[in-house]
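*Asks:* Pasted the sequence and its predicted model underneath.
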Amino acid sequence: MLAFPNAKLNLGLYVTAKRPDGYHALETVFLPLPWTDVLEVLPAPKGQPASGLTLSGRPIPGEVASNLCLKAYGLLKADMPDLPAVQMQLHKIVPIGAGLGGGSADAAFALRAIGDVFNLHMTTERLEGYARRLGADCAFFIQNTPRLALEKGDVFEPIDLNLTGTSCVVVYPGLHISTAQAFAGIVPRVPLNSLRAALAEPMAHWRNIIFNDFEQSLAPTYPVLAEIKQQLYEAGATYASLSGSGSAVYGLFPGLAEAPTLAWPGEYLVWRGFL
């Protein structure tokens, strides 16, 4: 079973409250981004008693045993003791610590692929339940369609939003921003306007009404994020923003046959394509 876990973008991101469990309540919209990793899931060879994971591509910090793909298998195995072992191969392409949800996508796609390989016939609701236990935004990648996300980013509402065919540029300047660091400068607040209402406005208005709270909190430490955003606007983006808690910044260019090619420092990773 070959799968292609895709990244996501955040359209707006408001940190609205501190929850009693220590997490923060959010209001954001998740949007699938077709920048993908490659994940292969196969039954383990005979004689291999435990599931394994081979990694390639971009380096992933930490021990292989702690990878979310193996944790996804472990959740299923705990509920289904007769589940056979698997052998997974993950080729990492989406940058880590970029606010693009790449690790969460890998975990969610692993759940789905294991279910398909062994014909587990799990419902969407059950898959989302497992995914929520792996990470705050993992459950989004089960249905993998635009969603208004609330609470920890794991409670979803449908939203009427279709950006299919919109040209997009995503710029990752190579900064790994930890979640703890990103939240350290945040003062929770309820936004003046709901994100759902703001996104119903023409995209030409979004620049002045849709914001990511992390941009302001990270600006003093990482001025390059604002510089990239400004360059995207100067190149003609209708809307540009930090994704998640960063450090990837994206620009949307509706109506263009192809996103513009811009000059960036050699250490930057840049994705250009269509949503």
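*Replies:* Arrived safely, thanks for sending. Residues are numbered from 1 along each chain as shown.
*Asks:* so where's the stretch 1-150 of the chain shaky on pLDDT?
*Replies:* Within the stretch 1-150 of the chain, no range satisfies pLDDT under 70.
*Asks:* Can you show me the strands along it?
*Replies:* Ranges of strands in the stretch 1-150 of the chain, per DSSP state E, counting those that start in this stretch, are 2-3, 6-18, 24-36, 38-43, 52-57, 86-92, 147-151.
*Asks:* How about the second one, which residues are buried there?
*Replies:* Same thing as strand 6-18. Asn6, Ala7, Lys8, Leu9, Asn10, Leu11, Gly12, Leu13, Tyr14, Val15, Thr16 (16 or more other Cβ atoms under 10 Å). In short, each C-beta sits where N, CA and C put it, glycine included.
*Asks:* how about Leu195, what does it touch?
*Replies:* The contact partners of Leu195, by Cβ atoms under 8 Å, 6 or more residues apart in numbering, come to Leu11, Gly12, Tyr14, Glu27, Thr28, Val29, Leu148, Ile210.
*Asks:* can you do 10 Å?
*Replies:* Leu195 makes contacts with 11-14, 27-29, 148-150, 159, 209-211, as judged by Cβ atoms under 10 Å, 6 or more residues apart in numbering.
*Asks:* which one of those sits closest to Leu76?
*Replies:* Within the contacts of Leu195, the smallest distance to Leu76 is 24.1 Å, found for Ala149 (Cβ to Cβ).
*Asks:* tell me, how many neighbours does that closest one end up with?
*Replies:* Residues within reach of Ala149, counting by other Cβ atoms under 10 Å, total 25.
*Asks:* Surely it touches Thr28?
*Replies:* Yes. Ala149 sits in contact with Thr28 when judged by Cβ atoms under 10 Å, with a separation of 5.2 Å.
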